[in-house]
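[1] The following block contains a protein sequence and its predicted model.
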Amino acid sequence: MKHTLSVLVEDEAGVLTRIAGLFARRGFNIESLAVGPAEQSGISRITMIVSGDDRIIEQITKQLYKLINVLKVQDITEVPSVERELMLLKINCNGSAMRSEIIELAHIFRARVVDIGESTLTVEVVGDPGKMVAIIQVLSRFGIREIARTGKVALTRESGVNTEFLKSQPMETSRL
């Protein structure tokens with residue numbers, strides 16, 4: 001199972017190297033990694049996706065807390081949260097009809113065209129990981145030249161609303 005870990009660390013040189021080294025020594029793979037400044041100056045938030053059962057994630061958490069500069073480790077996999085990724089796609093594009101079709105498909109996904117070349121179109125997509133997979137599938141028939149993805153970033157929802165749970169519920173229709 002894939003787990004989303006949110007790790008707060010002191011923003012100092014070598015912290016990410018020590019974390020990556022910990023994972024490498026233990027034989028764990030980091031599937032996605034995003035790092036950036038947190039809400040407090042001098043603190044960074046690392047959002048990582050790792051595979052493993054609950055026992056492995058517990059072991060990883062304990063090992064992370066042993067590292068200096070690690071302030072907080074939270075497994076937010078089962079916690080209601082907001083998750084987003086950023087992706088840039090460079091797509092083959094020959095002719096105005098193809099260009100129009102790609103732009104129309106991009107708009108369906110609320111993506112933005114950020115560059116137009118003679119034979120390519122570059123699209124920026126922001127959303128949850130499922131959206132990324134879906135737009136890749138739709139646009140792959142044109143030929144994707146390059147993909148750059150940020151990895152997932154996530155914050156817990158203060159409202160406590162679990163959107164994944166809501167997606168599985170049947171919609172009520174209003175009675176007028």
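    The structure has been received and is ready for your questions.
[2] what about Leu88, distance to Asp115?
    Per CB to CB, to the nearest Å, Leu88 is found 9 Å from Asp115. For the C-beta atoms, the positions are set from N, CA and C on the backbone; glycine is no exception.
[3] So which bits of stretch 82-90 are buried?
    Within stretch 82-90, the residues that count as buried by 16 or more other CB atoms under 10 Å are Glu83, Arg84, Glu85, Leu86, Met87, Leu88, Leu89, Lys90.
[4] The residues you listed into JSON lines, with extra columns for secondary structure?
    JSON lines is the format used below for the buried residues of stretch 82-90 (DSSP: H, G, I helix; E, B strand; the rest coil):
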{"residue": "Glu83", "secondary structure": "strand"}
{"residue": "Arg84", "secondary structure": "strand"}
{"residue": "Glu85", "secondary structure": "strand"}
{"residue": "Leu86", "secondary structure": "strand"}
{"residue": "Met87", "secondary structure": "strand"}
{"residue": "Leu88", "secondary structure": "strand"}
{"residue": "Leu89", "secondary structure": "strand"}
{"residue": "Lys90", "secondary structure": "strand"}
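[5] And those, which is closest to Thr120?
    In terms of CB to CB, no member of these lies closer to Thr120 than Lys90, at 5.3 Å.
[6] Max pairwise distance over the buried residues of stretch 82-90: which two?
    Longest distance between any two of the buried residues of stretch 82-90 is 24.3 Å, between Glu83 and Lys90; criterion CB to CB.
[7] Tell me the one among the buried residues of stretch 82-90 nearest to Val73.
    The shortest gap between Val73 and any of those belongs to Glu83, at 17.7 Å (CB to CB).
[8] out of everything not next to it in sequence, what's closest to that closest one?
    What sits nearest to Glu83 in space, not counting adjacent residues and going by CB to CB, 6 or more residues apart in numbering, is Ala154, at 4.4 Å.
[9] Where does the one you found sit, in terms of helix or strand?
    In the assignment (DSSP states H and E), Ala154 maps to strand 153-156.
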